[in-house]
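Participant: I'll drop the sequence and a predicted model, then ask my questions.
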Amino acid sequence: MRLATVGKGGSGKTTIAGTLTRILAEGGNKVLAIDGDPNPNLALTLGIDRDSANNIKAVPPSLMTLKKDAEGNVMKLPDGTSQLQMTMSPDELIKGFAAKAPSDIQLMMIGAPPDGSAGSGCMCASHRAVRGMITEMTNYGSHTVTDMEAGLEHLKRGTVRNVDMMLIVAEPYYRSLEAASRVWSLVGELEVPLVYVVANKVRNDADRQAIDEYCEKHGMPILGYVPSEDKFVEAERRAMSPFDFAPDCPGTKAIREMAGKISKMKIPAMA
């Protein structure tokens with residue numbers, strides 16, 4: 001299953017992505033995590049220590065190139081779009097750029113600007129590389145979990161066109177829910193087979209009711225509810241993985257419940 005988490009900045013999508021990845025990797029499942037955010041934070045959430053996280057080698061955007069024929073002409077798919085291909089094999093990619101997280105999770109960081117500096121140019125190549133990696137690394141293991149950047153740009157560029165499931169992380173207030181509905185509309189255009197809302201930071205019944213009513217009105221199914229979790233805040237303060245810091249807290253249990261649902265799902269055939 002190829003999953004991606006999206007959401008408004010501050011919604012908690014990276015916490016959801018990292019904790020979900022750790023749970024999916026239990027029992028020896030082979031999982032690839034991709035950090036597609038220009039401001040990468042997935043490593044810490046997966047349980048990689050701060051010093052090691054700061055030294056992870058980012059995959060260059062040049063990983064993906066346009067496929068050409070023997071005459072050097074760019075090859076086109078039947079729909080007229082260009083075809084991408086990796087400039088190295090999956091094994092070379094893992095060996096050269098993957099960072100190992102707990103539970104033998106392999107993490108690839110690809111969303112950051114090439115030289116990490118201001119004024120270094122647009123992120124077009126990075127978006128293309130994330131899209132290509134999601135597609136080309138499909139057969140790496142049981143699951144691929146991609147933490148996307150906040151906002152809508154990656155959707156407008158079709159970066160997540162080839163995922164099987166999109167998790168839209170939303171908080172129980174109007175602006176976050178409005179952002180979720182915009183994501184929902186764009187994801188529909190990309191024909192992602194499975195799309196769900198993850199209700200995050202739910203404090204009480206009123207919060208849950210607000211999310212339920214909004215999602216029902218807009219036809220957005222909810223995968224699960226994650227409570228507002230002080231243990232997650234403390235884990236962030238200590239630069240620790242929420243999964244390692246509080247494996248049995250209500251927040252982690254809620255994400256575990258969602259992981260169980262995901263593991264039982266089948267990818268529907270698209271028309």
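Facilitator: Arrived safely, thanks for sending. Numbering: from 1, shown residues only.

Participant: hey, let's count contacts and neighbours off CA atoms from now on
Facilitator: Fine.

Participant: who's Gly36 bridged to?
Facilitator: Beta-bridge partners recorded for Gly36 (DSSP bridges): Met148.

Participant: right, and it touches Pro61 too?
Facilitator: No. Taking contacts as C-alpha atoms under 8 Å, Gly36 lies outside contact range of Pro61: 11.1 Å.

Participant: which residue of the chain lies farthest from its centroid?
Facilitator: In the chain, Glu71 marks the outermost C-alpha relative to the chain mean, sitting 37.1 Å out by C-alpha atoms, centre = their mean.

Participant: pLDDT value on that one, please?
Facilitator: Looking at Glu71, its pLDDT stands at 72.

Participant: SS state for it?
Facilitator: Of the three states, Glu71 takes coil under DSSP: H, G, I helix; E, B strand; the rest coil.

Participant: next, show the common contact partners of Gly36 and Pro61.
Facilitator: Ile110 (C-alpha atoms under 8 Å, 6 or more residues apart in numbering).

Participant: look at these two and report which has more neighbours.
Facilitator: For the pair Gly36 and Pro61, the greater number of neighbours falls to Gly36 (27 against 20), based on other C-alpha atoms under 10 Å.

Participant: how near is that one to Glu178?
Facilitator: Noted for Gly36: a distance of 23 Å to Glu178, by C-alpha to C-alpha, to the nearest Å.

Participant: for the protein, just list every one of the helices.
Facilitator: Secondary structure of the chain (DSSP state H): helices at 13-24, 42-46, 50-54, 90-97, 124-136, 153-156, 174-190, 205-217, 230-237, 242-245, 250-264.

Participant: quick one: the first one to helix 230-237, angle?
Facilitator: Right, helix 13-24. Angle, helix 13-24 to helix 230-237, by axes from the mean of the first three to the mean of the last three C-alpha atoms, to 10 degrees: 100 degrees.

Participant: just name the most buried of the helices of the chain.
Facilitator: Ranked by mean neighbour count, the helices of the chain are led by helix 42-46 with a mean of 27 (mean count of other C-alpha atoms under 10 Å).

Participant: starting at the chain centroid, how far to that one?
Facilitator: When C-alpha coordinates are averaged (C-alpha atoms, centre = their mean, to the nearest Å), helix 42-46 and its chain have centres 12 Å apart.
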